[in-house]
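> quick one, what's the 3D model for this:
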Amino acid sequence: MQEPTAPACSDFPEWVLLDTIARIGRCNNATTAGTVTSTGGHIEVSFEVADPPALTRCVVHCPELTPDEETPTVTGADGAFLLIRVIFPRRSGGCSSFDVFVYRAGPGNPSLQLLPLPYPIGLPSSSVGVLSCGDHCLVVVPIRRFDADHLLHYDLRVFSGKTMSWSTKAARLACNLEEFYRSFVLTKVFAVDGGSLAWVDLRYGILLCNSLLEDVPELRVIHLPPLMLTNKDKFPISFVGDLPPLDFVRDVTFRNGSFRFIEMEYPELDCDADDDDTELSFRWTTTTFRIMVGSEEWEQEPLCAVDSADLSPADSCFPCLFPEIWDCKENKILNRVMCSDPTLDMYRDDAVYVIAKTGARDPNGWVFAVNTKNKELDKVLPFSAERVCFNRSHLQCSFSKHLRNA
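Numbers count the residues shown, from 1 in each chain. Presented below is the predicted three-dimensional model:
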């Protein structure tokens with residue numbers, strides 16, 4: 001598949017689906033912002049903005065980087081702000097190191113700021129959250145520790161874009177977290193209404209930090225429903241305790257005072273698996289749940305349930321342009337296409353985005369925009385990823401609307 005050209009924007013859209021794996025190259029446009037790295041080198045960040053559900057691309061130019069090296073990644077977003085992590089593999093006599101930058105889309109011209117030390121370098125990028133505070137942002141890292149009496153504590157390392165300094169806050173633990181000794185394997189971080197952040201472990205739960213702007217913020221855990229029956233065997237915990245990532249089949253988001261959770265299943269995938277003459281069926285279904293902040297029970301949203309076998313094309317969709325994924329005679333999705341990475345829409349309750357590929361190792365594929373209420377395929381758009389990635393590599397965010405004021 002040739003790399004598709006992203007649809008041009010007559011104006012910057014309200015939000016985008018951002019490919020979090022950046023491309024190393026140069027793209028000088030209205031989104032470009034530059035600064036210096038921790039070693040004094042020049043770096044620029046730009047974006048090729050596309051109307052969703054086409055993927056918007058991040059482009060990084062830096063003489064210290066070459067296209068065959070590990071690419072920079074966008075690790076978080078809130079409002080006008082993006083967190084971008086850049087690995088430099090050849091620094092310090094061959095040892096790799098990384099810098100973290102804050103990109104601000106507006107108001108005014110876009111800007112790029114190097115996050116100063118002491119940055120907690122020992123944590124994965126999925127643990128780092130960003131919270132917009134109007135004209136500046138906070139970068140927040142939760143640090144889990146135990147005291148001499150083996151009691152659990154969480155410290156929050158906070159960088160303020162206003163004071164340009166790091167500080168530490170000791171968080172108060174809600175009763176449902178004090179005895180939750182399981183270590184979180186974090187997949188995503190996003191802002192919640194009212195100055196709060198949510199760190200998500202897609203297997204066990206949501207680590208919610210309430211009132212981050214207060215002197216003593218509170219942390220509590222919201223447990224996720226257990227894996228559905230067909231997924232328990234496909235994503236087991238190994239005998240040594242390794243946890244396979246679940247962003248292949250799960251997602252969590254927040255909208256209108258509620259967390260929403262989705263899980264995808266493949267009910268026919270194991271049928272006749274030992275028969276070499278049987279073509280694998282990647283028919284999929286999704287189930288969606290909702291929980292209000294402060295509630296203890298997830299409620300299923302039956303109207304949002306989707307079965308790929310029941311999807312029909314909307315008037316705005318022309319799936320017959322893609323014979324690899326659509327059977328025009330039967331007017332349905334071909335079950336040989338592998339769909340994954342369901343992404344709930346942060347702005348609509350009736351939309352979910354799905355990545356479709358002909359093979360797990362294929363960097364090319366399609367983005368499906370699915371209307372869960374009407375059981376329709378709203379749009380199909382092709383994409384070509386910078387690298388093959390087995391974890392979720394796209395992010396819905398609204399930094400694009402702030403580019404209008406640039």
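> from D378, how far out is L224?
27 Å (CB to CB, to the nearest Å). Yep, even glycine has a C-beta here, placed from its N, CA and C like the rest.
> between those two, who's got more neighbours?
L224 (22 against 18; other CB atoms under 10 Å).
> and the more buried one, how far from V192?
16 Å.
> same question, L395
Distance from L395 to V192, by CB to CB: 16 Å.
> likewise for L321?
39 Å.
> between those two, tell me which one has more neighbours.
V192 (18 against 11).
> isn't the more buried one up against F254?
Yes. V192 lies in contact with F254 (CB atoms under 8 Å); the separation is 5.1 Å.
> so for these two, which residues contact both of them?
Common contact partners of V192 and F254 (CB atoms under 8 Å, 6 or more residues apart in numbering): A198.
> shaky segments in this structure?
Within the chain, the ranges that satisfy pLDDT under 70 run 1-10, 90-96, 120-124, 178-182, 239-241, 270-280, 331, 385-392, 405-406.
> can you rerun that using 50?
1-7, 271-274, 276-278 (pLDDT under 50).
> can you pull out the helices in it?
91-94, 175-178, 229-232, 399-402 (DSSP state H).
> so how far does stretch 158-165 reach from one end to the other?
8 Å (CA to CA, to the nearest Å).
> what's it in contact with?
102, 113, 115-116, 119, 133, 136-141, 166-169, 212.
> now list the buried members of these.
Taking 16 or more other CB atoms under 10 Å as the criterion, what is buried in the contacts of stretch 158-165 is 102, 113, 115, 119, 133, 137-141, 166, 169, 212.
> how much space separates the residue nearest to F98 when sequence neighbours are not counted from L17?
Nearest non-adjacent residue to F98, counting by CB to CB, 6 or more residues apart in numbering: I87, 4.5 Å away. Note on I87: its distance to L17, by CB to CB, is 24 Å.
> ok, the two, which is more surrounded?
Neighbour comparison, I87 and L17: the larger count goes to L17, with 23 against 16 (by other CB under 10 Å).
> run through who's touching stretch 238-249.
185, 187-188, 202-203, 227, 231, 235-237, 263-265, 340-342, 390-392.
> ok, R23 - contacts?
R57, C58, V59, V60, T71, E386.
> bridge partners for it, pull those for me.
V59 (DSSP bridges).
> same question for F368.
Bridge pairing for F368 - DSSP bridges - gives V354, V380.
> my guess is it meets F383, correct?
No. The criterion here is CB under 8 Å, and F368 misses it with F383 at 11.2 Å.
> and the buried ones among the contacts of stretch 158-165, which two are the farthest apart?
Q113 and K169 (21.7 Å; CB to CB).
> near S165, how many other residues are there?
10.
> C133 versus that one, what's the distance?
15 Å.
> kindly report the same for F101.
18 Å.
> swap in F254?
18 Å.
> show me what contacts the nearest residue to P52 once chain neighbours are set aside?
In space, and not counting its chain neighbours, P52 is closest to L17: 4.9 Å by CB to CB, 6+ apart. When contacts are counted by CB under 8 Å, 6+ apart, L17 is found next to P52, P53, A54, L55, T56, T343, Y353, V367, H394, L395, Q396.
> 7 Å instead, please
Each residue near L17 by CB atoms under 7 Å, 6 or more residues apart in numbering is listed here: P52, P53, L55, T56, Y353, V367, H394, Q396.
> do the same with G205
With CB under 7 Å, 6+ apart, G205 has these contacts: V221, I222, H223, L224.
> beta partners of E299?
With DSSP bridges as the rule, E299 is bridged to R290.
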